[in-house]
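Q: coords please:
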Amino acid sequence: MVAARQVGRTPKPDYLNVEDVAIAVRDASGEIVGLLGSNHMQIFVKFLKSPEVQGLIRSYFLCQLAEKDGYPVTEIREDLNRAFCQLAKHHSDDADPWHSMAPDVWDRLTNFVDEVLPVAEIVDDGSQDDLDDLRNLVDGAHVSGELRTTPPRYLREVADISGDLTRLLTISQHISDIRLQLRDHYSQMRLEHAQEDHRYEMADLYIERTLLSERTGRDVDSSQLLQPERRLRWIVTGDPGVGKSTFTEHAIRTICSRPELDIVAPLVIRGREYASSGYLPLIDELRRVLSKRFNLRLSTASVEDILVMGRGIFVVDGIDEVLDLGLRRDLIREIESFSRQYPLCTVLATSRNVGYGQARFDHKFFDRYHLKAFTDEQVQDYSERWFKLVGRPKSDLTKFISELESIPDLRANPLMLSLLCILFRARGYIPRNRRQVYAACADLLFRRWDSMRHIAQPYDHEHYGETLMQEIAGWFYKSRSAQSGVEERQIEKVISTFFVDTAGVLPTEAQKRARDFLEFCAGRAWLLAVSGTNDRNQRLFVFTHRTFMEFFAAESFVRETQSIDQIIDRVAEVYRQDASSVLPDLIVQSAEAHRSHGARDIIEGLLERKSTKVADPFLPLCLRIINISPVNAVITEKLFRRTLDQWQQFGPDLFLPTFVAILELYRDPRQRFINLLTSDVEELQEEGVEGSEILSRPATQFLQRWARVYLSEGAVNYQEEWGTFVAEIAEVVADYVSEIDDMALIHYLVEAGLCTWMDDRPLTLTTRAFGHPVAGATLRSFERLLLGNQPTEYDARHLLGVAEYLHGAAGDVVTEEFASELNSVLRDRVTSWPHRGGAGVLETEMEPAVSSLGLWMGFVTYEYSTSVGPYHEACSDLLGVELLSLCVTRGYLLGDHAGDPEQLTDGNIRVLSLTECRAELAGPRDYPHWYVRWARGAVQLVESEDDDEDD
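A: Got it, this is the predicted structure:
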């Protein structure tokens, strides 16, 4: 009886791994066209693995790339088909003429190549130079498979892989194995702080999250970032406990579960594990994780193949867990280099929000997304899911939701919400203070949970548990290397030393009891857990959440400290080391709990600590403290006066953390600060000020900083709490606009519709905020009209004026600085624009004005950078005009592009004749007549250094 297999069953042609069977060869319709006998199978497989066939397949792949880029390859592809058939005839014999099936085998092979190789990704993401190299590759690889040029390394490696069927199958199998293992591993949400039943099906408890794009200022649903056609570089930041790791795990599970993403596999490392592994090269760390965590043993070459093909999604969870700032920056630089080495891969990293600015990714290549806290609807959804999973009655859920109303800052944090659910389940009510929540959780974990369920606890755990956790946490925090994991021998020593020094236990007995305590932690304590083993087979212990470590460390510091000055020193030291840590806040709350007026004394002590470089370096922290530990009105007023003094002394582009701390004040201190500024506003309304003195008023200085936050797309986070008051200030300040020389503030007032530009020149397209170029009021008006968003009355009036100005601006030039800033801002903003093709997209009376300004910006940025980019592509698409071709024409005529015009042909981009330029810029849009002259190289818009020297 004959065993038969299909040849090339999509997507894997399994004839490369055959034993003593026959192969059924099918055509594209699935019909069997012949059987390959077992006596000729080895010859057939050897033929498919031959250098000649590999060269043909590689050439076919290169043809597909070139065709996707618009290069005619039909004739070459037919040549490759004929060459394969000729080779098959040469390798077969008369006894078994299987070469007659060669056309069907070739069809199946090329289908496989089309499915598994990254054709679209390379063409979509490659530079124009890379695509030009592809054409040369096709010319040089036609039939022979030999490469005559030197394209980028990743293209050369993909070209090598493309002809090796065994290698392609190996990549495919590894991807399948990784996806299967990671899908199962991340199918459950692990709530290590939830005692029993701490693993829940991800689908039962996970809440879909919303992220805020730093680039666009818009909310993005997480599902939009996991599309198969998107290759992203993104960093997700968030506050402690906001769910960054859970978000990442859900993303990994989603990727591994969706059929349309079955050609990619996540490759994951964790920040703290990376630190503890000795900062291996990233490829080696990926291999280590695959082997240790998922029992998958891949060679370095196999991991590199997955990455170079764009089939890996590289995930780094917890950049901030590399605590040494220098090493964290090194890691980020290595990840950036990694992303350049493997440009077809998506890269995702996570980090805490505050402190990210000290070690951040290059924003030109990595998009930052803020993982937002839960909305009220998400809090409700999570709570309903939790209470359903644990089988609690609806009346308990109703009471829980009601009690959450008093702690809005805690309930919006997913980790805190899960703790509150646990505490309510055990206690029937919710503690109010953040430290109280942690304390209640510690009490639940160390004392009450097992006793409620009549489970015996070890003596030391019951009597010393919390104090020991404080001791361990303090030691963990002081030893940075310990935070990524400590082997049990080291931690046993810490515990036994405590027993000897504090409890008077004999050394031998102390060592035994330390081992017993640690063993209990490993099995039941849920705060201190085993993360794995090291090379010496020693278990490694970590805190299940860094937040728990910070809580117990804070308690330890306060317990051991003799004076308030020492506590102040500790708070200052911790804040200087990591402003993102909640540890300073927890130390203050602990001091407030154990000392009379602890928070007040700490604030006063911090304010006394000056710096030679920064006035009031701890002012942002002090403002944070009054949010968590309310103090008397005298201290609050003192902080607010210090804030206003800082604003008076320094410009509005400095000390952003202080202003953010003001914006994040909770209801009571926020209202007190508003009252302080309101009195200034009322005085302005009643008495007025002379000239530029308006900029020295507290209300104006607040508005200056708000304007910069707004222009930096950050005001959306605070609009609900501050929007009404800001509008009141702006109404008053706008009366003095003629006396204001702060351009960022003026741009904001124009955006608010409170004043208009007196000058119709397009120089108001950009401005600066906190030292960086940002979109100005005119550019925002242009975007609203271009993208079909709701325009303001000002938008139309001003852009009509700009368009009229442009008609007579043939001799006007802009500075290189302005052109550079416009180029930078447009590059950042265009990524959020929708691409809708076709002429007449605006279909309003504003179309001529918007089109004229859109082309002018394209001209300026092209002249500055001498290259086209995403803005030119988007405008060509949205406006239905050949902006790309107009720019390339100018470049060719001025000699910026060498070679024949035919070599510039790339899809719809081409060098235009004078007649074609005129035709493109004619018609109802009424473009300025000199636009044609610019495209022909006869008009200059950007002032060059040579112009300055001539002057």
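
Q: distance from stretch 66-86 to the middle of the chain?
A: 40 Å (Cα atoms, centre = their mean, to the nearest Å).

Q: per-residue confidence at the residue nearest to the spatial centre of the chain?
A: Nearest residue to the geometric centre of the chain (Cα atoms, centre = their mean): Ile235, 2.2 Å. Ile235 is assigned a pLDDT of 94 by the prediction.

Q: that one and His363, how far apart?
A: As judged by Cβ to Cβ, to the nearest Å, Ile235 and His363 stand 9 Å apart. C-betas here are computed from N, CA, C, even on glycine.

Q: do the same with Leu799
A: 29 Å.

Q: tell me which of those two has more neighbours.
A: Using other Cβ atoms under 10 Å as the criterion, Leu799 and His363 rank with Leu799 on top: 24 against 13.

Q: once you drop chain neighbours, what's closest to the more buried one?
A: Spatially, and ignoring its direct neighbours in sequence, Leu799 is nearest to Ala849 (4.6 Å; Cβ to Cβ, 6 or more residues apart in numbering).

Q: quick check, that neighbour in contact with Asp795.
A: No. At 9.9 Å, Ala849 does not count as touching Asp795 under the criterion of Cβ atoms under 8 Å.

Q: so what sits against both of these two?
A: Common contact partners of Ala849 and Asp795 (Cβ atoms under 8 Å, 6 or more residues apart in numbering): none.

Q: which ones are touching the residue nearest to the centre of the chain?
A: Counting by Cβ under 8 Å, 6+ apart, Ile235 makes contact with Ile319, Leu348, Ala349, Thr350, Ser351, Tyr356, Arg360, Phe361, Phe366, Asp367, Arg368, Tyr369.

Q: from what I can see the third one touches Ala359, true?
A: No. Ala349 is not in contact with Ala359 according to Cβ under 8 Å; the separation is 11.2 Å.

Q: between the two, which one's more packed in?
A: Between Ala349 and Ala359, counted using other Cβ under 10 Å, Ala349 has the larger neighbour count: 26 against 20.

Q: what about Gly504, neighbour count?
A: 8.

Q: now swap in Ser418 and tell me
A: 21.

Q: tell me which helix or strand it sits in.
A: helix 414-427 (DSSP states H and E).

Q: downstream of that helix, the next helix or strand is which one?
A: helix 434-443.

Q: that next one packs against which elements?
A: helix 414-427, helix 459-478, helix 546-560, helix 583-594 (3 or more Cβ pairs under 8 Å, 6 or more residues apart in numbering; DSSP states H and E).

Q: show me what counts as buried in whatever helix or strand comes next after the third one.
A: Stepping forward along the backbone from helix 546-560, the first helix or strand reached (DSSP H and E) is helix 564-577. When burial is assessed from 16 or more other Cβ atoms under 10 Å, helix 564-577 yields the following buried residues: Ile564, Ile567, Ile568, Arg570, Val571, Ala572, Val574, Tyr575.

Q: turn the residues you listed into a markdown table, columns for pLDDT.
A: Below are the buried residues of helix 564-577 laid out as a markdown table (pLDDT from 0 to 100):
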| residue | pLDDT |
| --- | --- |
| Ile564 | 94 |
| Ile567 | 95 |
| Ile568 | 96 |
| Arg570 | 94 |
| Val571 | 95 |
| Ala572 | 94 |
| Val574 | 91 |
| Tyr575 | 92 |
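
Q: re earlier: so what sits against both of Ala349 and Ala359?
A: Common neighbours of Ala349 and Ala359 (Cβ under 8 Å, 6+ apart) are Ile319.

Q: tell me how far the residue nearest to Ala633 when sequence neighbours are not counted lies from Leu941.
A: Ranked by Cβ to Cβ, 6+ apart and with sequence neighbours excluded, the top spatial neighbour of Ala633 is Arg672, at 7.5 Å. Going from Arg672 to Leu941 by Cβ to Cβ gives 52 Å.

Q: and if you look at Thr547?
A: In terms of Cβ to Cβ, Thr547 sits 54 Å off from Leu941.

Q: same question, Phe112
A: 51 Å.

Q: same check on Phe47?
A: Taking Cβ to Cβ as the measure, Phe47 falls 61 Å from Leu941.

Q: quick check: phi and psi on Glu713?
A: Backbone torsions of Glu713, given as degrees, to the nearest 10, read phi 70, psi 30.

Q: how about it, nearest residue that isn't a chain neighbour?
A: Glu713's closest residue in space is Gly217 (Cβ to Cβ, 6+ apart), at 3.1 Å.

Q: was I right about the one you found contacting Tyr710?
A: No. If you go by Cβ under 8 Å, Gly217 and Tyr710 don't touch, sitting 9.3 Å apart.

Q: the two: who's more crowded?
A: Higher neighbour count among Gly217 and Tyr710: Tyr710, with 23 against 16, using other Cβ under 10 Å.

Q: okay, the more buried one: pLDDT?
A: pLDDT at Tyr710 comes out at 96.

Q: touching, it and Tyr748? I think so.
A: Yes. Between Tyr710 and Tyr748 there is a contact under Cβ under 8 Å: 5.7 Å.

Q: can you list the domains in the protein?
A: 4-152, 172-372, 374-430, 756-950 (automatic domain parsing).

Q: can I get these in a markdown table with distance to Glu720?
A: As requested, the domains of the chain are exported to a markdown table (distance: least, Cβ to Cβ, whole Å):
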| stretch | distance to Glu720 |
| --- | --- |
| domain 4-152 | 39 |
| domain 172-372 | 13 |
| domain 374-430 | 12 |
| domain 756-950 | 20 |
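
Q: relative to Gln701, which of the ones you listed is closest?
A: Across the domains of the chain, Gln701 has its closest neighbour in domain 756-950 (14.7 Å, Cβ to Cβ).

Q: same question for the closest one, mean pLDDT?
A: 83.

Q: begin at 21, not 1, for the rest of this chat.
A: Right, with 21 as the first residue, what we last looked at is domain 776-970.

Q: could you check how far that domain is from the centre of its chain?
A: For domain 776-970, the distance to the chain centre is 30 Å (Cα atoms, centre = their mean).
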